[in-house]
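J.: can't give you the sequence, but here's the structure:
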Ligand code: SF4
Ligand code: SF4
């Protein structure tokens with residue numbers, strides 16, 4: 001990977017270069033209070049693009065997988081029905097995407113593109129989306145209370161799956177790293193210059209310091225993945241988690257790595273209807289309800305355990321190469337029941353480990369009792 005140095009004052013010129021390529025550039029903008037959100041950069045708001053900011057509550061996932069996505073239109077005329085597929089193939093860049101959300105998009109890529117059936121709608125929409133990752137380096141502004149990318153191994157600096165990565169080195173300089181040939185072509189512009197070994201050293205020092213500033217950790221991921229995969233979690237633990245869930249669906253709607261959708265037809269004109277794909281949530285009863293009304297996952301805890309099986313079980317990790325959690329912490333921020341990923345990982349680990357602990361010495365049978373009950377072995 002090639003790296004270059006760019007002055008902080010020139011960083012937004014990268015947005016200009018991408019717009020000059022004909023791309024729609026979406027970038028983090030500041031809303032009311034401390035809110036940030038991704039939106040299209042225009043001449044009017046270009047200078048409001050944020051480089052250090054709290055990660056927006058909604059990831060930029062919707063720019064590759066919209067909440068509601070028209071798939072095809074049906075027209076009725078003269079007793080005939082014509083069907084017309086609707087494809088969108090935008091030339092777009094997501095500027096300022098965080099490392100966790102880069103990993104989220106990579107997860108979507110593996111789900112929608114890497115299997116036996118490639119999803120043609122996702123493929124066309126994703127094909128020309130250029131990702132400019134910004135590394136979280138400012139603990140006060142960039143790292144939220146609930147971020148834990150360090151535990152999910154997705155950040156603070158993404159190692160791959162971006163086109164260009166920017167990292168603030170302080171002293172008025174950023175380091176730019178090209179992740180793809182398309183990213184590297186930008187280095188022809190005179191705003192970029194070659195770096196020195198001192199810049200590399202500075203990057204290492206900053207990342208080393210930033211990693212220590214995360215407040216939320218889940219060092220229990222490996223144990224929990226093992227317990228979930230071996231079906232060792234007690235029903236009582238799932239029930240406890242289910243009792244806390246209010247079935248709002250918030251955790252799935254903010255998750256950059258959730259992939260589920262439903263398909264629905266709706267009227268769009270007097271003789272016209274459209275088929276749309278809509279984000280769905282395993283928290284909602286309708287997710288598993290069948291046409292006749294039977295629901296194999298009627299109890300809330302049966303639906304909640306599904307979410308954590310899907311994200312943590314070895315079967316899925318083997319198929320998709322990583323867990324379906326990228327450590328963004330959003331589900332922890334939105335959940336009224338405090339059953340975001342880090343809390344659940346800790347609950348599952350603790351309850352299962354306690355169950356598996358050896359009994360107290362006083363509870364063990366005496367050697368004589370054991371001998372008495374054991375068959376004689378020759
Ligand atoms: S955010 Fe919390 S309460 Fe809402 S569906 Fe998810 S787990 Fe349940
Ligand atoms: S499960 Fe929670 S922490 Fe993990 S990626 Fe999804 S929203 Fe973020």
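T.: Received it, and whenever you're ready, just let me know what you need. Here the structure is a predicted model, which means the values were calculated and not measured. Ligands and ions are numbered 1, 2, ... in the order given.
J.: and the residue lying closest to residue 192 once chain neighbours are set aside, how many residues sit next to it?
T.: Computed as C-beta to C-beta, 6 or more residues apart in numbering, the closest residue to residue 192 that is not its neighbour in sequence is residue 4, at 3.9 Å. Placement of C-beta: from N, CA and C, glycine included. Using other C-beta atoms under 10 Å, residue 4 is surrounded by 20 other residues.
J.: just the element for residue 4, please.
T.: Assigned by DSSP states H and E, residue 4 falls within strand 3-7.
J.: name the helices or strands packed onto that strand?
T.: Applying 3 or more C-beta pairs under 8 Å, 6 or more residues apart in numbering; DSSP states H and E, one finds that strand 3-7 contacts strand 173-178, strand 192-193, helix 197-211.
J.: recalculate using a threshold of 7 Å.
T.: strand 173-178, strand 192-193 (3 or more C-beta pairs under 7 Å, 6 or more residues apart in numbering; DSSP states H and E).
J.: what residues are bridge-paired with the nearest residue to residue 82 once chain neighbours are set aside?
T.: Excluding the flanking residues, the one nearest residue 82 by C-beta to C-beta, 6+ apart is residue 75, at 4.7 Å. Taking DSSP bridges as the rule, residue 75 bridges to residue 82, residue 272.
J.: run a quick neighbour tally on residue 75.
T.: By other C-beta under 10 Å, neighbour count at residue 75 equals 14.
J.: was I right to think it contacts residue 274?
T.: No: contact criterion C-beta atoms under 7 Å: residue 75 and residue 274 do not qualify, at 10.1 Å.
J.: pLDDT below threshold where in the stretch 251-378 of the chain?
T.: Along the stretch 251-378 of the chain, the parts satisfying pLDDT under 70 run over 357-378.
J.: quick one: the strands in it?
T.: Under the criterion DSSP state E, counting those that start in this stretch, the stretch 251-378 of the chain contains strands at 261-269, 272-279.
J.: format the ones you listed as TSV; extra columns: mean neighbour count and distance to ligand 1.
T.: Formatted as TSV, the strands of the stretch 251-378 of the chain follow (neighbours: other C-beta atoms under 10 Å; distance: least, C-beta to the nearest ligand atom, whole Å):
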stretch	mean neighbour count	distance to ligand 1
strand 261-269	12	16
strand 272-279	17	13
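J.: for residue 221, find the nearest of those.
T.: With C-beta to C-beta as the criterion, residue 221 lies closest to strand 272-279 of the strands of the stretch 251-378 of the chain, at 25.5 Å.
J.: before we move on, back to that, take the strands of the stretch 251-378 of the chain and write them to a markdown table, including distance to residue 311.
T.: Listed next are these as a markdown table, based on distance: least, C-beta to C-beta, whole Å:
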| stretch | distance to residue 311 |
| --- | --- |
| strand 261-269 | 17 |
| strand 272-279 | 16 |
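J.: right, and those strands - which one's nearest residue 47?
T.: When these are ranked by distance to residue 47, counting by C-beta to C-beta, first place goes to strand 272-279 at 32.6 Å.
J.: give me the angle between the closest one and strand 261-269.
T.: Between strand 272-279 and strand 261-269, the angle comes out at 150 degrees (axes from the mean of the first three to the mean of the last three C-alpha atoms, to 10 degrees).
J.: and strand 272-279, anywhere near ligand 2?
T.: No: Strand 272-279 stays clear of ligand 2 (C-beta under 6 Å from any ligand atom), getting no nearer than 13.1 Å.
J.: buried sites along stretch 338-357?
T.: 339, 340, 341, 342, 343, 344, 345, 347, 348, 349, 351, 352 (16 or more other C-beta atoms under 10 Å).
J.: of those, list those near ligand 2.
T.: Applying C-beta under 6 Å from any ligand atom to these, one finds that 340, 341 fall near ligand 2.
J.: want to try CSV for the buried residues of stretch 338-357, with distance to residue 226 as columns?
T.: Output for the buried residues of stretch 338-357, formatted as CSV (distance: C-beta to C-beta, whole Å):
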residue, distance to residue 226
339, 20
340, 21
341, 16
342, 17
343, 19
344, 15
345, 12
347, 15
348, 10
349, 9
351, 14
352, 9
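J.: which one is the residue of the stretch 51-200 of the chain found nearest ligand 2 nearest to, not counting chain neighbours?
T.: Ligand 2 sits closest to residue 104 of the stretch 51-200 of the chain, with a gap of 6.4 Å, by C-beta to the nearest ligand atom. For residue 104, ignoring the flanking residues on the chain, the nearest one in space by C-beta to C-beta, 6+ apart is residue 256 at 2.7 Å.
J.: next: residue 242.
T.: Residue 242's closest residue in space is residue 301 (C-beta to C-beta, 6+ apart), at 2.4 Å.
J.: so what's the one you found up against?
T.: Shown in contact with residue 301 (C-beta atoms under 7 Å, 6 or more residues apart in numbering): 238, 239, 241, 242.
J.: residues contacting stretch 331-343, please?
T.: The contact list for stretch 331-343 (C-beta under 7 Å, 6+ apart) reads 146, 148, 216, 218, 241, 244-246, 250-251, 254-255, 325.
J.: repeat that for stretch 306-320.
T.: Applying C-beta under 7 Å, 6+ apart, the contact partners of stretch 306-320 are 107, 110-111, 224-225, 228-229, 282, 297, 323-325, 344.
J.: return the residues of the stretch 151-300 of the chain in contact with ligand 1.
T.: Counting by C-beta under 6 Å from any ligand atom, the stretch 151-300 of the chain sits next to ligand 1 at 245, 246, 247, 248, 249, 250, 251, 283.
J.: burial count for the residue nearest to the last one when sequence neighbours are not counted?
T.: Leaving aside its sequence neighbours, residue 283 sits nearest to residue 249 (C-beta to C-beta, 6+ apart; 4.8 Å). Residue 249 has 17 neighbouring residues, counting by other C-beta under 10 Å.
J.: still on that earlier bit, now for the contacts of residue 301, which pair is the farthest apart?
T.: Farthest pair in the contacts of residue 301 (C-beta to C-beta) is 239 and 241. Separation: 7.3 Å.
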